[in-house]
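Q: Give the three-dimensional model of this entry:
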Amino acid sequence: MAENSKIEWTDHTFNPWVGCTKISPGCDHCYAEGWAKRSGMVTWGAQRRRTSASNWSQPLKWDRRAAADSVRRRVFCASLADVFDNEVPDQWRWDLWELIASTRNLDWLLLTKRIGNVARMLPVMDSSQPGYRPWNEQWPWPNVWLGATVVNQEEANRDIPKLVAIPAVVRFLSCEPLLGPIDLSRLIRWGNDYLVMVRWIIAGGESGAHARPAHPDWLNSLRDQCTAAGVAFHFKQWGEWVPMLGHAQGVPVGRKYTHTDGTIMGRAGKKLSGRLLEGRTWDQFPRSA
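A: You can find the predicted model right below:
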């Protein structure tokens, strides 16, 4: 869970617990729910199960290795859960904060669909309150990157202001699966440019048996907005569907899907669809603090 992650934008994946509840259109075809059904570990939507002590020891090993190599490593936390889930016991989250505080050579990527919960679930700084630990210090911590998943304009309008209201050394968005166009210029209000306050955007199409096709224009627009604002852009994947014009030449496809503007997508599968956006990969990352 997993020392060398297959996710393109992280080095390691760590799950302190497993289990979640669907709360967004992006959750409709949740890969973690499918994993849970196959593994039998939890009943999705009804259970949360803490992972083993040996699993919790893994980040300490990664931290020692990163220190020895004089590098920083990224850890995506909770690919099979949500750190800021209401249904998770506070003690579990306090233990996670303690682990994060103990691994200063790792950059922890905390990505949530519950950005509205974050402010009240941050490490406790008041020694008179439950959850306080002597290692607490001024927030934000230098090794915590905070991200929100937004899959369409409605979620962007609702959640980006919540994200930028919380101090973090790096704030980022995951627009995956991208289910519609997102115009970030609409979020420039009161003189605060939210796009600049967000330093990294990850975008991609949906994979899996019931994947919904993204539109190339949605992805190209996000890339262009990032480029104009000097924000790092990472195109993770096309997913199950790939544009038929240009990119998909020579790629065997099965079923086809036509967007309302006539753009045709072909079902090729994640591996064959690849990660090229208008002929190149986009693997940009923000700088660590």
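Q: Tell me the buried residues in stretch 152-161?
A: Residues of stretch 152-161 classed as buried by neighbour count (16 or more other Cβ atoms under 10 Å): 152-153, 155-156, 159-161. Backbone N, C-alpha and C define where each C-beta goes, glycine included.
Q: pLDDT of it, averaged?
A: Mean per-residue pLDDT for stretch 152-161: 96.
Q: Output that stretch in PDB, but only the C-alpha positions, please.
A: The C-alpha coordinates for stretch 152-161 follow below in PDB (Å, rounded to 0.1, in the frame of the first residue of the first chain):
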ATOM      1  CA  ASN A 152     -16.700  19.800 -12.800                       C
ATOM      2  CA  GLN A 153     -17.400  23.600 -12.600                       C
ATOM      3  CA  GLU A 154     -19.900  23.200  -9.700                       C
ATOM      4  CA  GLU A 155     -17.400  21.500  -7.500                       C
ATOM      5  CA  ALA A 156     -14.700  24.000  -8.500                       C
ATOM      6  CA  ASN A 157     -16.900  26.900  -7.500                       C
ATOM      7  CA  ARG A 158     -17.800  25.400  -4.200                       C
ATOM      8  CA  ASP A 159     -14.500  23.900  -3.100                       C
ATOM      9  CA  ILE A 160     -11.600  25.900  -4.400                       C
ATOM     10  CA  PRO A 161     -12.500  28.900  -2.100                       C
END
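Q: Report the distance from it to the chain centre.
A: From the chain centre to the centre of stretch 152-161 is a distance of 15 Å (Cα atoms, centre = their mean, to the nearest Å).
Q: Let me have the buried residues of stretch 152-161 in CSV, adding distance to Phe233 as columns.
A: Shown next, in CSV, are these (distance: Cβ to Cβ, whole Å):
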residue, distance to Phe233
Asn152, 18
Gln153, 18
Glu155, 19
Ala156, 15
Asp159, 19
Ile160, 16
Pro161, 21
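Q: what's the closest of those residues to Leu96?
A: Leu96 lies nearest to Asp159 out of those, by Cβ to Cβ, at 21.8 Å.
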